[in-house]
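Trainee: Give me a 3D structure for the following:
(one chain, ligands or ions: 1)
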Amino acid sequence: MSAEPAIRVEGLVKRFGGRAVVDHVSMSVNRGQITGFLGPNGSGKTTMIRVMCGLLTADEGSGEVLGYRLGRDTRRIKREIGYMTQRFSLYEDLTIRENLAFVAGLYALRPVQRVVDEVLEGLGLTSRQHQLAGTLSGGWKQRLALASCVMHKPQLLLLDEPTAGVDPKARRDFWEEIHHLAAGGMTVLVSTHYMDEAERCHFVNYISYGRLVASGTVEEVIAHAGLTTFLLEGPMDKVTAAERMLRGMTGVDETAPFGTSLHVVGRDAEALKAAVQHAAAETGTRMSATETSLEDAFIRFMNQSTDNMS
Ligand SMILES: Nc1ncnc2c1ncn2[C@@H]1O[C@H](COP(=O)(O)OP(=O)(O)OP(=O)(O)O)[C@@H](O)[C@H]1O
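Mentor: Take a look at the predicted model:
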């Protein structure tokens, strides 16, 4: 395996109507790893992915994808990657087999019959091959879509919110498949809004307002946020009263309810502790120290970017 990253981009800028939706982003994606791409709606993830696929041309910056130059070797890049868009759909009025045969034809895979048979077997869909794709459940449609994106055995797979709106069991199955592909040597870049999916990645990049604000392993990203977190527990009305009291207190950056408990997060550990102790005593709730979650860190990054923009 080459030590060169599968993707390396430097200072990428993409503007729409004069507005930079990707704003000087430099990042890399290591070979053989699953890299997560996270950020609020409209932060520029899809645009970045499209630039890296060669579907959009960057206004500034440079980069290499699988050793090919962005903006120059576009056709090679398109041929050697797999790309699944947010709402990628198969032809619903074709059968499962016909859909796969169509994609095999696009990539000139031969012999079509055998290639399709193998994919069907891998998916466990051989017995349902003549069923219309439109009659599959949402989860199965996504798995079939994924299988069709990797039929040509790309080295790099770019997935843009592939599991949006899919139920938890189907998402888990989908992620098992992604890990299976990565174990076979495929590099994966996947955008998602789901925290549990981010936690399944080897590496994560967090982008906000077109800027990369954090990258590393999940542990590194949480550590980089530099947050302390306390948990408040008790009857719901008391926890709600504590949350109201804590909002705006010195040392409290965020509060987030988790079921019947409350996460209270801040950058200044001492001031935060004093605030939480006060609220716990006043409302009769139980206080304990807890680990900062990835979600706590992301909410902080998002609010920090909003503060910077205003
Ligand atoms: N073709 C386009 N023309 C003009 N503006 C665009 C175009 N494509 C995207 N944008 C804008 O660029 C910004 C970034 O969009 P993008 O789809 O890349 O974000 P995203 O992070 O993928 O969002 P989401 O999580 O909602 O999918 C948004 O404000 C969007 O409206």
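Trainee: quick one: the strands in the stretch 201-310 of the chain?
Mentor: Per DSSP state E, counting those that start in this stretch, the stretch 201-310 of the chain carries strands over the ranges 203-208, 211-216, 228-233, 254-258, 261-266, 286-290.
Trainee: got those strands as TSV, with mean pLDDT and distance to the ligand columns?
Mentor: Every residue, glycine included, has its C-beta placed from N, CA and C. TSV is the format used below for the strands of the stretch 201-310 of the chain (pLDDT from 0 to 100; distance: least, CB to the nearest ligand atom, whole Å):
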stretch	mean pLDDT	distance to the ligand
strand 203-208	96	7
strand 211-216	95	12
strand 228-233	97	26
strand 254-258	90	20
strand 261-266	95	23
strand 286-290	96	28
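Trainee: got CSV for these, with distance to residue 54 and mean neighbour count too?
Mentor: Output for these, formatted as CSV (distance: least, CB to CB, whole Å; neighbours: other CB atoms under 10 Å):
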stretch, distance to residue 54, mean neighbour count
strand 203-208, 19, 24
strand 211-216, 20, 19
strand 228-233, 42, 21
strand 254-258, 39, 16
strand 261-266, 40, 23
strand 286-290, 44, 14
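Trainee: Now render those as CSV, adding distance to residue 133.
Mentor: Formatted as CSV, the strands of the stretch 201-310 of the chain follow (distance: least, CB to CB, whole Å):
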stretch, distance to residue 133
strand 203-208, 32
strand 211-216, 37
strand 228-233, 45
strand 254-258, 39
strand 261-266, 42
strand 286-290, 45
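Trainee: can I see the domain layout of the protein?
Mentor: Using automatic domain parsing, the domain parsing of the chain gives 7-88+153-222, 227-291.
Trainee: distance between the longest one and the chain's centre?
Mentor: Its chain's average C-alpha position is 8 Å from that of domain 7-88+153-222, according to CA atoms, centre = their mean, to the nearest Å.
Trainee: repeat for the shortest one
Mentor: For domain 227-291, the distance between its averaged C-alpha position and the chain's averaged C-alpha position is 29 Å (CA atoms, centre = their mean).
Trainee: Does residue 274 touch residue 251 like I think?
Mentor: Yes: counting by CB atoms under 8 Å, residue 251 is a contact partner of residue 274 at 6.5 Å.
Trainee: Residue 118: which element?
Mentor: helix 112-123 (DSSP states H and E).
Trainee: Measure how buried the closest residue to residue 266 other than its chain neighbours is and give me the count.
Mentor: Nearest non-adjacent residue to residue 266, counting by CB to CB, 6 or more residues apart in numbering: residue 272, 3.4 Å away. As a burial measure, residue 272 scores 23 neighbours (other CB atoms under 10 Å).
Trainee: who does the closest residue to residue 264 other than its chain neighbours bridge with?
Mentor: The shortest distance from residue 264 to any non-neighbouring residue, by CB to CB, 6+ apart, is to residue 230 (4.8 Å). Applying DSSP bridges to residue 230 gives these bridge partners: residue 264, residue 289.
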